[in-house]
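Asker: Quick one: sequence and predicted model below, then my questions.
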Amino acid sequence: MLGVYVSVPFCRAKCSFCNFASGVGTGAAMEQYVEQLCAEIDAAAVTAERLGTELPRRVDSVYFGGGTPSLLEPEQLRRVFDALRRRFEIEDSAEITLEAAPGQIGDRVLAEAQRLGVNRVSLGVQSFVDRESASVGRLHTERECVAEIVRLRAAGLAEVGADLIAGLPYQTEASWVHSLEVATGVGLTHLSVYMLEIDEDSRLGQEVLAGGKRFHAHGVPEEEMAAELYEQACEWLPKAGFAQYEISNFAAAEHRSKHNVKYWQRVPYIGFGLDAHSMLPAASGAMRFANPDELARYAGAESEREATPVGLHEAFEETIFLGLRMSEGVPIAGLREAFPRELVASCEEAARGLVAEGLMTDDDGHWRLTLRGRLVSNDVFGRLLEGIAA
Ligand code: SF4
């Protein structure tokens, strides 16, 4: 079964920490984008054929991300769903997620979204502490976030999740505990916890790197403190019923995000819209392709799209670094069945070293990251895979 991602890259305001391909758009820009999106969905089979792959028809997860897709008009949302249903058979039991910002999902949009099959909303809360939210340009207060979650649950949505960020300006251990306590006591079913990314791709990241004070950069806690807050969440949330099932994701088993699990388990998915990525089956195993990340280039980008075949080594590397993200880890026997033995053997010495350093475990025939390993996961992946012959 295929997963479908739909990117809607428009927001009411640009958050200072955001490094996604998203921005504030006019009504006209959104309308033009919806038209392009529907055209891209209608052409999906032709695109897949041109790229040398076949497009599965049956879909069991759809994810509207962005951006803030809840800003679409009900009629625009309906047109995108119509296009999806023209091309795909969406299972009755499919998980259909709409990302939203608290206070930015109107009554008409919510009613139409539910009528069209949306059964899961993911809210970009980031913090339940007003000073922290305001410092990064979020447009909501704790009270509004709580009211939004209560409203969504009362509207009959069985799955309501939220994102939190560790390392926001002015965050302290006490304020982080406050966010965790509210998040676990307000009726959410899923939590994603990310550490603030400090890089050149966001205004806040640039200012922190430059040592400046704009965007409250001087209030950003040290990296070690953000790591401690993340560790605290990893210890605290499971006790509150939110088991950690992936480096950044927490939920009871029945509330995991089925769509996101596809990415880590390398199940085929197709993405539509700005900066959307796809992985589809191919004769060689799989192929990946991506859309442009600039709006001006997205329109009419069809001829630019090129697929990259996922070779044996890449498939092996992806299986390891995506599998290690999940708490279940990577079954070593499964690796030996799916890949040549020498490929698996090329990581075993590094794996033993990482186990000895307490960054990984190898219990029950599975490689798994420890809590310390999750904090330096990219280093662990690099060391594990450096032994693979090119
Ligand atoms: S709402 Fe989300 S996508 Fe939009 S600017 Fe803020 S973080 Fe980025």
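Answerer: Nice, I can see it. Since this is a predicted model, take the numbers as computed values, not measurements. Numbering: from 1, shown residues only.
Asker: what's the closest non-adjacent residue to Pro74?
Answerer: Glu112 (3.7 Å; CB to CB, 6 or more residues apart in numbering). C-beta: built from backbone N, CA, C; applies to glycine.
Asker: Gln76 is in contact with the one you found, correct?
Answerer: No: using CB atoms under 8 Å as the test, Glu112 is too far from Gln76 to be in contact (9.7 Å).
Asker: neighbour-wise, which of those two wins?
Answerer: With neighbours defined as other CB atoms under 10 Å, Glu112 and Gln76 compare such that Gln76 has more, 22 against 19.
Asker: Okay, that one and the ligand: tell me how far apart.
Answerer: Noted for Gln76: a distance of 17 Å to the ligand, by CB to the nearest ligand atom, to the nearest Å.
Asker: Determine how far the helix or strand harbouring Leu384 lies from the middle of the whole chain.
Answerer: Assessed by DSSP states H and E, Leu384 sits inside helix 377-385. With CA atoms, centre = their mean, to the nearest Å as the basis, helix 377-385 stands 21 Å off its chain's centre.
Asker: Quick one: mean pLDDT over that helix.
Answerer: What helix 377-385 shows for mean pLDDT is 92.
Asker: What residues sit buried inside it?
Answerer: Neighbour-count burial for helix 377-385 flags 380-381, 383-385 (criterion: 16 or more other CB atoms under 10 Å).
Asker: likewise stretch 147-157?
Answerer: Within stretch 147-157, the residues scored as buried using 16+ other CB under 10 Å are 148-149, 152-153, 157.
Asker: Now the phi/psi pair for the residue of the stretch 201-350 of the chain found nearest the ligand, please.
Answerer: Closest approach between the stretch 201-350 of the chain and the ligand, counting by CB to the nearest ligand atom: Ser202, at 8.8 Å. With angles defined as degrees, to the nearest 10, Ser202 sits at phi -130, psi 160.
Asker: before we move on, what SS does the closest residue to it other than its chain neighbours have?
Answerer: Leaving aside its chain neighbours, Ser202 sits nearest to Asn19 (4.4 Å; criterion: CB to CB, 6+ apart). Counting by DSSP: H, G, I helix; E, B strand; the rest coil, the backbone at Asn19 sits in coil.
Asker: Outline the domain layout of this protein.
Answerer: By the assignment in automatic domain parsing, the chain contains the domains 2-262, 311-390.
Asker: tell me the most buried of these?
Answerer: domain 2-262 (a mean of 19; mean count of other CB atoms under 10 Å).
Asker: middle-most residue in this protein, spatially?
Answerer: The centroid of the chain falls nearest to Asn260 when counting by CA atoms, centre = their mean (6.5 Å).
Asker: Show the model's pLDDT score for that one.
Answerer: So, for Asn260, pLDDT stands at 96.
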